[in-house]
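got a sequence here, can you build the structure:
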Amino acid sequence: QVRLVESGGGLAQAGGSLRLSCAASGRTFSQFGMGWFRQAPGKEREFVAAISRGGSNTKYVDSVKGRFTVSRNNRNNMMYLQMDNVEPEDTAVYYCAAKGGIVMSTVIIDPASYNYWGQGTQVTVSS
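Next up is the predicted model:
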């Protein structure tokens, strides 16, 4: 069992920055591929970014490329999402997720593949 807790959400103005954190506990963090997803009101949950177990491979949805950066610290059992130059369209609840049983270099973007989810943190971007 893995417990995930997101933090760092809040209100930002367009063009500003936020840094989301995901704290993991319960199992060896480095065994899990990790991902960030978001869900806006009335929309389906969508992939934002993912990172491999060791942190060497990452993927992003096109709409955040060049603006968001995903990273992880396996010693501290933490994953981060640095959000720069945010836009009103980034407004959503952001979730972190963990997927076990994968090889070191794999990056997973399908939310249905993830085993564990956090409770989410709200991000609101004003124009």
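
residue 96 contacts residue 34, doesn't it?
Yes. Using C-beta atoms under 8 Å, residue 96 makes contact with residue 34 at a distance of 6.6 Å. From N, CA and C alone the C-beta is placed, and that goes for glycine too.

which element is the one residue sitting closest to the centre of the chain on?
Taking C-alpha atoms, centre = their mean, the centroid of the chain lies closest to residue 36, which sits 2.2 Å from it. If you go by DSSP states H and E, residue 36 is part of strand 33-39.

partners of that strand, with directions?
Applying DSSP bridges to the sheet, strand 33-39 is found paired with strand 46-51 (antiparallel), strand 92-99 (antiparallel).

now those as a markdown table including mean neighbour count, distance to residue 57 and mean pLDDT?
Formatted as a markdown table, these follow (neighbours: other C-beta atoms under 10 Å; distance: least, C-beta to C-beta, whole Å; pLDDT from 0 to 100):
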| stretch | mean neighbour count | distance to residue 57 | mean pLDDT |
| --- | --- | --- | --- |
| strand 46-51 | 22 | 7 | 98 |
| strand 92-99 | 23 | 13 | 98 |
